[in-house]
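In: coords below, sequence missing:
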């Protein structure tokens with residue numbers, strides 16, 4: 001009888017240790033990092049007038065891109081980065097594992113939320129834009145840099161837009177990119193953490209300097225399309241209204257109106 005009671009006590013203690021250990025792991029475990037804290041990366045390269053506002057205040061600056069994380073939707077509301085012609089190299093990089101972003105205080109969603117969902121883990125800052133160094137490439141595999149994308153969309157029209165973005169970087173020497181999903185109420189959710197599936201994705205691309213800034217903006221439904229990417233051109237104002245994000249907020253109202261009110265592809269080779 002005593003032995004049975006003793007075994008029950010040991011079993012209960014072990015169970016308690018396991019529960020506490022799991023809770024500590026879930027709440028305080030910080031995964032390995034792909035970033036180098038000593039790297040200057042984005043901080044020196046990007047002018048403040050190019051950066052969008054954050055609706056959450058949860059801004060993370062990695063070495064080679066920046067993001068605003070939206071915990072309610074378990075993904076970034078925007079990812080922003082500079083893409084230079086010299087960045088576009090063709091090194092054959094080994095794909096690392098997707099890991100949680102150690103710099104997102106609320107923890108970015110686990111990659112397993114996507115497993116069996118039917119959706120791709122769609123990069124916002126493409127890995128193909130960051131082949132010039134191992135660190136830059138690996139950083140794109142934080143789960144804060146992915147969003148659920150329809151497979152045909154990701155491999156199709158969205159991929160065409162990403163390739164056109166690289167073409168523009170080569171042609172014009174340097175561009176600035178802001179991209180993300182439109183996060184709004186009523187979206188489909190996947191995984192145990194309820195990762196939202198955006199119905200639409202946007203990409204805003206800028207070139208030039210403050211006094212002669214030229215911008216093109218795209219808004220695409222998260223599904224396969226055979227249309228030309230030009231069919232998805234929209235004014236920046238449309239994306240601002242859908243997302244609640246203010247793009248190029250540090251510019252004067254006059255300059256914002258000039259580049260955000262109308263659709264224009266003038267000066268951009270399609």
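Out: Yep, that arrived. Note that the structure is a prediction, hence the values are computed from the model and not measured.
In: would you map the helices across the stretch 151-270 of the chain?
Out: Along the stretch 151-270 of the chain, the segments classed as helices by DSSP state H, counting those that start in this stretch run 151-155, 157-172, 236-243, 253-260.
In: other SSEs contacting the first one?
Out: With contacts taken as 3 or more C-beta pairs under 8 Å, 6 or more residues apart in numbering; DSSP states H and E, helix 151-155 sits against strand 119-123. No exception for glycine: its C-beta is placed from N, CA and C like everyone else's.
In: okay, the angle between the strand it packs on and helix 157-172?
Out: 10 degrees (axes from the mean of the first three to the mean of the last three C-alpha atoms, to 10 degrees).
In: returning to what we had before: now the helices of the stretch 151-270 of the chain in a markdown table, with mean pLDDT?
Out: Listed next are these as a markdown table, based on pLDDT from 0 to 100:
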| stretch | mean pLDDT |
| --- | --- |
| helix 151-155 | 98 |
| helix 157-172 | 98 |
| helix 236-243 | 98 |
| helix 253-260 | 95 |
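In: looking at the ones you listed, which is closest to residue 199?
Out: Minimum separation from residue 199 across the helices of the stretch 151-270 of the chain (C-beta to C-beta) falls at helix 236-243, 10.1 Å.
In: helices and strands around that closest one, which ones?
Out: strand 200-207, strand 214-221, helix 253-260.
In: the stretch 1-150 of the chain: helices as residue ranges?
Out: Counting by DSSP H, counting those that start in this stretch, the helices of the stretch 1-150 of the chain are 2-28, 42-45, 134-139.
In: weakest of those helices by average pLDDT?
Out: Here the lowest mean pLDDT among the helices of the stretch 1-150 of the chain goes to helix 2-28, at a mean of 51.
In: how is the protein divided into domains?
Out: What automatic domain parsing lists as the domains of the chain is 1-30, 34-260.
In: tell me the most buried of these?
Out: Compared across those, domain 34-260 shows the largest average neighbour count, a mean of 18 (mean count of other C-beta atoms under 10 Å).
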